[in-house]
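S.K.: Compute the structure for the input listed below.
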Amino acid sequence: MDMLINGIAATAADKTWIEVTNPATGEYVDRVPRGSEEDVNAAVEAADAAFGVWSEKTTRDRGLVLYRAAELIRRDHKDLAEILTREQGKPIRESTDEVRGCANIFEYYASIAGLPAGETVTLGKAGDCLVTRVPLGVCAAIIPWNMPVLIMGWKAGPALLAGNSLVLKPASTTPLTNLRIAGLLKDAGLPHGVLNVVTGPGETVGAALVKHPRVKKISFTGDCATGHRIREMAQDHLKTLTLELGGSDPMIVMADADIPKAVEGALRGRFYNAGQICTAVKRLYLHEKIAEEFMRLLTAKVEGLSVGNGLSPGTDMGPLNSAEQLGRISSVIHETTEREEGTIRAGGCPLTGSAYEKGFFYTPTLITDVAPDAALLSNEIFGPVLPVVTVPDLGAAIREANHSKYGLGASVWTKDLATVKQVYQEVNAGIIWVNRHLTVPPEVPFGGTKESGMGRENGSKALDSYTQTKTLYLGW
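M.R.: The predicted structure is shown next:
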């Protein structure tokens, strides 16, 4: 599959390639060009040239392009979901949800096309001001491999509606669905050059985008270390940044919670997409009065999960996305047991056997008796491993929840409004769910505090980060 530069498939004969393989089977799926700094320069040049035409269109016209793209995504959702499962590994049901979620995002931004209208400021005898919001110019989006389609929607939707042009770099293991959706945006009427996709490694393509003087904004989703490097590299040109850098989301279950509902919430919140989600439940805090019953129900659910090829009917959880991911999770569990930092209640090993030998499969894992200083609690564990801690009261749960460098999301499961209020006021996180976890509709602002990043995606406020104010002062 080719890159898209200036809306045209761009593959040079002398390029090297990145092969995309199915993480469940190891089978070859497709290949994409290994982009270079020269390709980034060409993409930025195309985006810069197209910016004037796109930014001069009305927001209504830009919104109509997004709406038509959403229609095309829905039309092709089965094919797109299959491509996503083949390159990423998640069950086809989850891929279908993600593809439809991207369509939802484009429809949402199309529906609020009239919002970036600006305001007037009346200053009496001193005059009046007209304050408008204008697009930034060329923006760049760096997409992760875990939710590539949804996060493409989060970044491309507001960037394009606001009138910017965009250069997008997909993850090297999951570029195919992003390229297909970029093609559908072109089919929906997006002018040549407004959206350009450059495939290739982060140290080459990503770094060139961040350093390019004509790129005005970087929106990045990924790990903390890379996010900090991006922030440092972007300083020279004072770029606008949105950084979503992961999390270690706590789930607090109080004694008055609906236990069966909370068990289902923990199951989905941790093992959806094999736990490879920034806002997944990564630490489970159970009130001591309900801990035993909760763990009995949750353990049975976890041991009943069907793990396998995402394209196979009935699969509840697919493989990890890469051999590197499998190695990281295996290493974490090995260190936990070696240091006696927890007790494995379920799972705790890679899956073996003929059905799994060519894929990157790990058993859904529960760990209890977790030591307070265990790496499972202090680090982001990006896979199907859930540490469980018993707490005596809400105060202890909140202290434990905040004992992390991350602050992306958190959830509390209770029927008591006073408990909800205290968690909302005291837990350091960008989003607090009550009696649910993981859900982020397009209307809801999303982002974190502390090491989880800066800026917000989703919702009408995301448009602000893709625009800047411009003031006309009328002195009369």
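
S.K.: what are the ranges of the strands in the stretch 351-476 of the chain?
M.R.: 365-368, 385-391, 406-407, 409-413, 431-434, 449-450, 453-454, 467-474 (DSSP state E, counting those that start in this stretch).

S.K.: Wait, a helix at residue 251?
M.R.: No: Residue 251 is assigned strand when assessed by DSSP: H, G, I helix; E, B strand; the rest coil, not a helix.

S.K.: beta partners for it?
M.R.: residue 284, residue 411 (DSSP bridges).

S.K.: and if you look at residue 19?
M.R.: Going by DSSP bridges, residue 19 forms beta bridges with residue 31.

S.K.: hmm, back to that, can you tell me which of the strands of the stretch 351-476 of the chain is packed in deepest?
M.R.: A comparison of the strands of the stretch 351-476 of the chain by mean neighbour count, using mean count of other CB atoms under 10 Å, puts strand 409-413 on top with a mean of 29. Every C-beta, even on glycine, is put in place using the N, C-alpha and C of the backbone.

S.K.: the domain parsing of the chain - what is it?
M.R.: Per automatic domain parsing, the structural domains of the chain span 3-245+452-474, 249-441.

S.K.: on that earlier part again, right, so of the strands of the stretch 351-476 of the chain, which gets closest to residue 243?
M.R.: Closest approach to residue 243 among the strands of the stretch 351-476 of the chain is made by strand 453-454 (4.1 Å; CB to CB).

S.K.: Same list, the strands of the stretch 351-476 of the chain, but as JSON lines with mean pLDDT and distance to residue 189 please.
M.R.: What follows is the strands of the stretch 351-476 of the chain, written out as JSON lines (pLDDT from 0 to 100; distance: least, CB to CB, whole Å):
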{"stretch": "strand 365-368", "mean pLDDT": "98", "distance to residue 189": "47"}
{"stretch": "strand 385-391", "mean pLDDT": "98", "distance to residue 189": "45"}
{"stretch": "strand 406-407", "mean pLDDT": "97", "distance to residue 189": "40"}
{"stretch": "strand 409-413", "mean pLDDT": "98", "distance to residue 189": "36"}
{"stretch": "strand 431-434", "mean pLDDT": "98", "distance to residue 189": "34"}
{"stretch": "strand 449-450", "mean pLDDT": "96", "distance to residue 189": "39"}
{"stretch": "strand 453-454", "mean pLDDT": "95", "distance to residue 189": "33"}
{"stretch": "strand 467-474", "mean pLDDT": "94", "distance to residue 189": "22"}
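
S.K.: Could you list the low-pLDDT ranges of the stretch 1-150 of the chain?
M.R.: 6-14, 116 (pLDDT under 70).

S.K.: ok, back up a step: I'd like to know which of the strands of the stretch 351-476 of the chain is closest to residue 203.
M.R.: Once those are compared by CB to CB, strand 453-454 is nearest, at 20.6 Å.

S.K.: quick one: contacts of the closest one?
M.R.: 227, 241, 242, 243, 244, 245, 246, 408, 447 (CB atoms under 8 Å, 6 or more residues apart in numbering).

S.K.: Retrieve the pLDDT associated with the third one.
M.R.: Here the pLDDT value assigned to residue 242 is 97.

S.K.: Enumerate every residue touching it.
M.R.: Applying CB under 8 Å, 6+ apart to residue 242 gives the contacts 217, 218, 219, 220, 447, 453, 454, 455, 456, 457, 465.
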